[in-house]
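In: predicted structure and sequence below. I'll ask about it afterward.
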Amino acid sequence: MTDRRARVVILGAGFGGLWTARALRRASVDVTFTDRNNFHTFLPLLYQVGAAELEPFAIARPVRTIIRGQRNLRFLHATVTLVDPRRKVVHTDRGVHGYDYLVLALGTVAFDFDVPGVREHSYPLKTLEDGITLRSRVLSRFETAMHEPDRDRRRGILGFLVIGGGPTGVEYAGALSELVRGPLARDYPDVVEDVSITLLEGSDRLLGAMPEDLGRYARKRLERMGLVVRCGAFAQEVGPDGVVVAADDGEQRFGGETVAWTAGVRGAPEVASSGLPVGRGGLVEVEDTLQVAGFPGVFVVGDLAHMAIDDPPPQLAQTAMQGGEHAGRAIIALEEGREPGKFTYRDKGMMAVIGRNAAAARVFGRNFTGFPAWWLWLSIHIVYLIGFRNRFAVLINWAWGYILFERVARILIPMRLRDPQWSHQAGGSRGDSADQGGAA
């Protein structure tokens, strides 16, 4: 018999990982918390970084600050290289860590669906670095267009394509339109007429996970903002100057040199060689306790988890939070000799903001659109944003933009940004040489 306390390793400092750590803050266990970044990113507002609406620091907070005071926890800034559940160890670039309980909260990464040219010519929107890189690309396109005398060439430079009509694609398309038609129209009056923004969605409507009338509302609102919206258009190839799509009426090409890719995700690649049951989309199959069958003590929470039921929980921040809380409570129960209990998802609704005073929301069992939905969206996001400083910064930026129709985050700093999302997956990266600006 030993007095050694159980060792818990949490991989990933997203919502799932943080809420697991919080649930264990008073438990008699030793927690090792690991992430490749030393900060937590509030991903629901990432698109606003990509659209120059918010500074990166406004949606990021150091993990060590968040967990400060939790005595049973230590944070390790490290990259996971191998998960070995049979030996109950995790390999990182800074050492090997054994565990009694493992919580996988690594989330998902952008997925290209094997569409040719996506990795080389598109910009994903899944990480803070992605948001900074995409914003830099957008702003630099306007600077480039100012030096181009040929109007047809300018139209290509200022052609923006958003692939994917889910919440991220809809929100980014709307925010980009407001950026272009507002402050950039005043900054670049000589070229703004050459701008085009197109949203392409493979299914027959936008916001497919929400009620159909909310999808119709989103489309009408975006079209009123001057966007071209095309549903039933599957990307077949992405090139340096546009996208080829397949639709019922045949192939069609949409021109534009900037492609924001929000069309799909798959499970974090770190679990692919772990021996865990990885299913469709690279997600880990879990039981109703969020444990992995055949691997007692291994929990998967958030976007990486897939429950084999008719109506699995959606890939939302609230799902990750609830899953993290459940995993923490389940570990405590197991340590006390009790059953971990089943995970029950409590649906708090879904929402997507489309622009100024406009959003689509399904909450409280009802559909909301327009200003009421927009106000709900603002209130909920401020409540869940971590840290007073972050809430204050976001509120100031939103108020500034709402009152003055301005965007404060439009400075280009001469620096080369790597392509973080596509580069760490197989297939290489875009390797941009023309755009060497980082947005601040």
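Out: On my side now, so go ahead. Numbers count the residues shown, from 1 in each chain.
In: averaged pLDDT, the one helix or strand Arg137 maps to. What do you get?
Out: Element membership for Arg137 (DSSP states H and E) is helix 128-145. The average pLDDT within helix 128-145 is 95.
In: go on, stretch 44-57?
Out: 94.
In: tell me the phi and psi of the spatially most central residue of the chain?
Out: The centre of the chain sits closest to Lys126, judged by C-alpha atoms, centre = their mean, with a distance of 3.9 Å. Main-chain torsions, Lys126, degrees, to the nearest 10: phi -130, psi -20.
In: next up, the contacts around it.
Out: The contact partners of Lys126, by C-beta atoms under 8 Å, 6 or more residues apart in numbering, come to Leu43, Leu46, Thr108, Val109, Ala110, Val265, Gln421. C-beta here means a position set from N, CA and C on the backbone, and glycine is covered the same way.
In: I'd like to know which of the residues you listed are part of strands.
Out: Thr108, Val109, Ala110, Val265 (DSSP state E).
In: end to end, how far does stretch 38-50 reach?
Out: End-to-end span of stretch 38-50 (C-alpha to C-alpha, to the nearest Å): 21 Å.
In: for stretch 30-42, same thing?
Out: 26 Å.
In: that stretch: how far from the chain's middle?
Out: On the basis of C-alpha atoms, centre = their mean, to the nearest Å, stretch 30-42 sits 16 Å off its chain's mean C-alpha point.
In: for stretch 155-165, same thing?
Out: That offset, for stretch 155-165, works out to 19 Å (C-alpha atoms, centre = their mean).
In: average pLDDT for that stretch?
Out: 98.
In: quick one, helices of the stretch 1-150 of the chain?
Out: Using DSSP state H, counting those that start in this stretch, the helices of the stretch 1-150 of the chain run over 15-23, 46-50, 63-67, 118-121, 128-145.
In: go through these and pick out the most buried.
Out: helix 46-50 (a mean of 28; mean count of other C-beta atoms under 10 Å).
In: so Met321 makes contact with Gly17?
Out: No. Applying C-beta atoms under 8 Å as the test, Met321 and Gly17 come out as separate, 10.5 Å apart.
In: re the thing from before, so which of the ones in strands among the contacts of Lys126 comes closest to Gly297?
Out: Comparing the ones in strands among the contacts of Lys126 against Gly297 with C-beta to C-beta picks out Thr108 as the nearest, at 23.1 Å.
In: partners of the closest one in the sheet?
Out: Gly267 (DSSP bridges).
In: quick one: contacts for it?
Out: Applying C-beta under 8 Å, 6+ apart, the residues near Thr108 are Lys126, Val265, Arg266, Gly267, Ala268, Gly282, Leu283, Asp303, Leu304, Gln315.
In: so can I have JSON lines of those residues showing distance to Gly208?
Out: As requested, these are arranged in JSON lines below (distance: C-beta to C-beta, whole Å):
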{"residue": "Lys126", "distance to Gly208": "19"}
{"residue": "Val265", "distance to Gly208": "14"}
{"residue": "Arg266", "distance to Gly208": "18"}
{"residue": "Gly267", "distance to Gly208": "20"}
{"residue": "Ala268", "distance to Gly208": "23"}
{"residue": "Gly282", "distance to Gly208": "20"}
{"residue": "Leu283", "distance to Gly208": "18"}
{"residue": "Asp303", "distance to Gly208": "17"}
{"residue": "Leu304", "distance to Gly208": "21"}
{"residue": "Gln315", "distance to Gly208": "13"}
